[in-house]
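# Requesting a structural model of the entry that follows:
(one chain, ligands or ions: 1)
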Amino acid sequence: MYYSLFEIFSIGIGPSSSHTVGPMKAAKRFIDNLQNSDKLQNVAHLKTHLYGSLALTGIGHGTLNAIAYGFMGLNAEDINPQTDYIKQIKESGKLNIGGNHNIAFSFDTDIVLEKHICLTEHSNGMKFTAFDSKGNILLEETYFSVGGGTIARQDEIHARIDRKPYDVPYQFNSCHELMQICKQNKLTISELVLQNEKSIWGRRSTISKQILKLANIMQENIDIGMQKDGYLPGGLKVKRHAKEMYDRLQSRFASNSTDSLTAIDWINIWAFAVAEENACGGRMVTAPTMGSAGLIPAVMRYMERYGKFLSETEKKNASITFLATASAICSLYRTNASISGAEVGCQGEVGVACSMAAGGLTAAFGGNNAQIENAAEIAMEHNLGLTCDPINGLVQVPCIERNAMGAIKAVNAARLALQRTGTHIVSLDSIIKTMYETGLSLNSDYKETSLAGIAKNAMNC
Ligand code: SF4
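So this is what the prediction gives:
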């Protein structure tokens with residue numbers, strides 16, 4: 001099924017698309033439903049229950065704060081980074097729901113972490129209940145955050161799989177179909193995506209502008225992240241490294257270093273810069289998730305810096321080609337597997353981002369469709385089995401380094417594919433199927449619960 005580029009790359013608040021962006025959207029939708037049924041002004045009390053992975057890692061992932069933002073009726077774009085909304089709520093004990101009705105609110109008692117209950121539909125479940133002043137229930141709804149910031153209410157979760165497809169000229173369910181359509185219509189993958197987007201959103205020039213806006217936010221996050229030092233929030237005392245790595249690299253240049261692997265150092269710095277901003281709850285672009293949000297910007301900066309572009313226009317076109325191609329690759333994972341760490345482990349986040357970036361870079365560097373498929377396949381093939389085990393539920397360790405490692409792997413996958421003809425034994429479809437099956441067979445402790453793996457052993461050994 002075709003997923004729109006703007007659904008795949010959307011603006012949100014870090015550190016996690018499934019644990020921050022999704023819950024924020026769900027809480028806002030719950031408030032909107034109260035408002036639309038004229039019940040908002042009668043609300044005296046809101047109670048939230050978080051289940052499964054949201055309960056186990058929600059504090060570290062910023063889920064509770066995100067729910068408060070959603071209850072306030074905020075969208076990610078509305079958040080003012082200079083305002084400490086959470087401090088205001090904690091100090092006043094009041095929450096302004098929907099932006100116009102104050103109720104008493106406590107993070108400690110009004111959000112319950114049901115760590116031992118996992119709802120059958122999905123491990124990222126949350127239930128919201130609104131009561132009036134007499135304790136009567138005004139509205140109760142259960143939502144699931146199903147990955148990449150996408151949510152589904154309990155009655156929609158199965159329909160999500162059979163959701164109504166976009167009415168686009170080029171619909172595809174597999175990479176094989178995508179390749180056939182491109183061949184029949186003499187299209188590159190990015191051109192196919194842009195034509196589909198035009199049929200959904202209208203003018204091509206507006207679409208290009210919106211794609212470049214997303215690319216700019218990604219690149220701004222690199223520049224912001226490279227200037228900040230100190231420690232990341234959450235109590236793990238993880239130091240921010242991007243700035244010191246950047247300063248060290250600058251002094252190496254000053255001493256005329258001739259290290260031939262400097263490009264790797266740059267990619268590391270760029271990925272760290274964005275992933276550290278994400279860990280601090282900055283404004284991010286899901287790529288395809290927040291946990292993996294540092295990878296694609298780093299590979300795009302590599303593309304800009306090391307590509308042979310002759311003008312700013314060529315660079316901009318390369319960015320559009322990169323993101324359009326990457327979004328088609330992500331559509332394949334969303335249709336046939338998952339991009340949720342809670343469902344398939346980190347394969348679905350850093351693994352998918354790596355695959356998207358490898359395909360996007362190959363396209364931007366002039367690779368043909370077969371080479372793009374090859375690059376995307378290589379990148380995922382060497383992320384198979386990647387578990388999700390963030391220490392203390394924070395999107396910091398191993399997530400930040402993992403973005404850098406994934407970015408380097410994506411560049412290497414693209415370089416391998418570009419040196420070949422595109423002929424390959426393992427298809428992208430078969431690797432996506434393998435990734436999904438591997439994810440389903442992973443023990444659930446390794447899927448965003450912080451109960452096993454590095455999360456367990458790094459703190460105990
Ligand atoms: S380990 Fe991977 S999937 Fe898990 S929170 Fe970190 S980046 Fe996301």
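# Helices along the stretch 101-250 of the chain, start to end?
For the stretch 101-250 of the chain, applying DSSP state H, counting those that start in this stretch gives helices covering 107-110, 157-161, 175-185, 189-201, 204-225, 242-254.
# Out of the ones you listed, flag the one nearest residue 29.
helix 157-161 (14.1 Å; CB to CB). All C-beta atoms are positioned from the backbone trio N, CA, C, and that covers glycine.
# Average pLDDT for the closest one, rounded please.
Across helix 157-161, the average pLDDT comes to 68.
# Pick the most buried one from the helices of the stretch 101-250 of the chain.
Scoring the helices of the stretch 101-250 of the chain by mean neighbour count under mean count of other CB atoms under 10 Å gives helix 189-201 as the most buried, with a mean of 20.
# Keeping just the C-alphas, turn that helix into CSV.
Only the C-alpha atoms of helix 189-201 are listed here, as CSV (Å, rounded to 0.1, in the frame of the first residue of the first chain):
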residue,chain,number,x,y,z
ILE,A,189,11.1,5.6,-8.0
SER,A,190,11.3,9.2,-6.8
GLU,A,191,9.3,10.4,-9.9
LEU,A,192,6.6,7.8,-9.2
VAL,A,193,6.4,9.1,-5.6
LEU,A,194,6.2,12.7,-6.7
GLN,A,195,3.4,11.9,-9.1
ASN,A,196,1.5,10.1,-6.4
GLU,A,197,2.0,13.0,-4.0
LYS,A,198,0.7,15.4,-6.7
SER,A,199,-2.5,13.4,-7.0
ILE,A,200,-3.0,13.6,-3.2
TRP,A,201,-1.9,17.1,-2.4
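# got any ranges where the stretch 51-200 of the chain has weak pLDDT?
Across the stretch 51-200 of the chain, the stretches falling below the confidence threshold (pLDDT under 70) are 81, 159-163.
# Once you drop chain neighbours, what's closest to residue 147?
Nearest-residue entry for residue 147: residue 340, 3.1 Å, with adjacent residues in sequence omitted and distances by CB to CB, 6 or more residues apart in numbering.
# wait, doesn't the one you found sit right on residue 124?
Yes: under the criterion of CB atoms under 8 Å, residue 340 is in contact with residue 124, at a separation of 7.2 Å.
# So for these two, which residue has more residues nearby?
residue 124 (33 against 30; other CB atoms under 10 Å).
# Identify the residue nearest that one in space, chain neighbours excluded?
Residue 124's closest residue in space is residue 145 (CB to CB, 6+ apart), at 4.2 Å.
# Surely that neighbour touches residue 16?
No: in this structure, residue 145 is not within contact of residue 16 by CB under 8 Å, at 9.1 Å.
# So for these two, which residue has more residues nearby?
Just comparing residue 145 and residue 16: by other CB under 10 Å the higher neighbour count belongs to residue 16, 40 against 31.
# residues touching the more buried one, list them.
61, 62, 63, 289, 290, 291, 395 (CB atoms under 8 Å, 6 or more residues apart in numbering).
# Mind checking which of those are buried?
Buried members of the contacts of residue 16, counted by 16 or more other CB atoms under 10 Å: 61, 62, 63, 289, 290, 291, 395.
# Can you add distance to the ligand and secondary structure and give the residues you listed back as a markdown table?
As requested, the buried ones among the contacts of residue 16 are arranged in a markdown table below (distance: CB to the nearest ligand atom, whole Å; DSSP: H, G, I helix; E, B strand; the rest coil):
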| residue | distance to the ligand | secondary structure |
| --- | --- | --- |
| 61 | 8 | helix |
| 62 | 12 | coil |
| 63 | 12 | helix |
| 289 | 6 | coil |
| 290 | 8 | coil |
| 291 | 3 | coil |
| 395 | 5 | coil |
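# what's the closest of those to residue 221?
Using CB to CB, the buried ones among the contacts of residue 16 come closest to residue 221 at residue 290, 11.3 Å.
# Skipping its backbone neighbours, what lies nearest the closest one in space?
Per CB to CB, 6+ apart, closest to residue 290 is residue 17, 4.3 Å.
# residues touching that neighbour, list them.
147, 148, 149, 286, 288, 289, 290, 291.
# at 10 Å instead, please
By CB atoms under 10 Å, 6 or more residues apart in numbering, residue 17 lies in contact with 10, 61, 145, 147-150, 278, 284, 286-293, 339-341, 349.
# and the gap between residue 164 and residue 151?
Counting by CB to CB, to the nearest Å, the separation of residue 164 from residue 151 is 16 Å.
# The two: which has the busier surroundings?
Between residue 164 and residue 151, counted using other CB under 10 Å, the more crowded position is residue 151 (24 against 7).
# I figured that one hits residue 54, correct?
No: contact criterion CB atoms under 10 Å: residue 151 and residue 54 do not qualify, at 11.7 Å.
# overlap in contacts of the two?
In contact with both residue 151 and residue 54: 18, 22, 23, 124, 126, 144, 145, using CB under 10 Å, 6+ apart.
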